[in-house]
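Participant: Okay, here's the prediction I keep looking at, along with the sequence it came from:
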Amino acid sequence: MILRTAIACVALAVGLGSAFPALAQQAAAPASATPAGAAAMPKHSCVHPEAFPGKLASEMRLKNWQKDFVAYVDCLKKFYDEQQALAKPHVDAANAAVVEYNNGVKEYNETMQKAKED
């Protein structure tokens, strides 16, 4: 039972890693890459559980560790969702600018093509 619980926790962690690739650790950007006046990178406040107590630990200790681990992963998912929601308006604005740029270039090219034909 204890081993099965540990395996389930590891499987959960691996599954979340593939479901939320943005949660994977990435190399930090150099300090010079931050534009002047940009807000500091937000950090999560999730508490990482202690190391896995091992298969010889009491059932109570394993259950507590599993509860702490699930709370940690849920906290990370919540932080991820909040950050995605905060970023959405900026991503949408950037995408709208790309569409406007592409339309402007297309219009410019069509205008230049018509000018050559005249």
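Facilitator: Here it is on my side, so go on. Residues are numbered from 1 along each chain as shown.
Participant: Look through this structure and tell me its longest helix.
Facilitator: When every helix of the chain is counted residue by residue (DSSP state H), the longest turns out to be helix 59-117.
Participant: average pLDDT for it?
Facilitator: Mean per-residue pLDDT for helix 59-117: 97.
Participant: Look up how far residue 88 lies from the nearest residue to residue 47 once chain neighbours are set aside.
Facilitator: Sequence neighbours aside, residue 72 is the residue nearest to residue 47 in space, at 6.4 Å (criterion: CB to CB, 6 or more residues apart in numbering). No exception for glycine: its C-beta is placed from N, CA and C like everyone else's. Plainly put, residue 72 is 25 Å away from residue 88 if you go by CB to CB, to the nearest Å.
Participant: ok, the two, which is more surrounded?
Facilitator: In this view residue 72 and residue 88 are compared by other CB atoms under 10 Å, and residue 72 has more residues nearby, 16 against 10.
Participant: quick one, what contacts the more buried one?
Facilitator: By CB atoms under 8 Å, 6 or more residues apart in numbering, the contact list for residue 72 reads 46-49.
Participant: Now do residue 7, the pLDDT please.
Facilitator: pLDDT for residue 7: 49.
Participant: try the one 4 residues further on
Facilitator: The predicted local distance difference test score for residue 11 is 46.
Participant: can you start the count at 47 instead of 1 from here on
Facilitator: Taking 47 as the first residue, the last one we looked at is residue 57.
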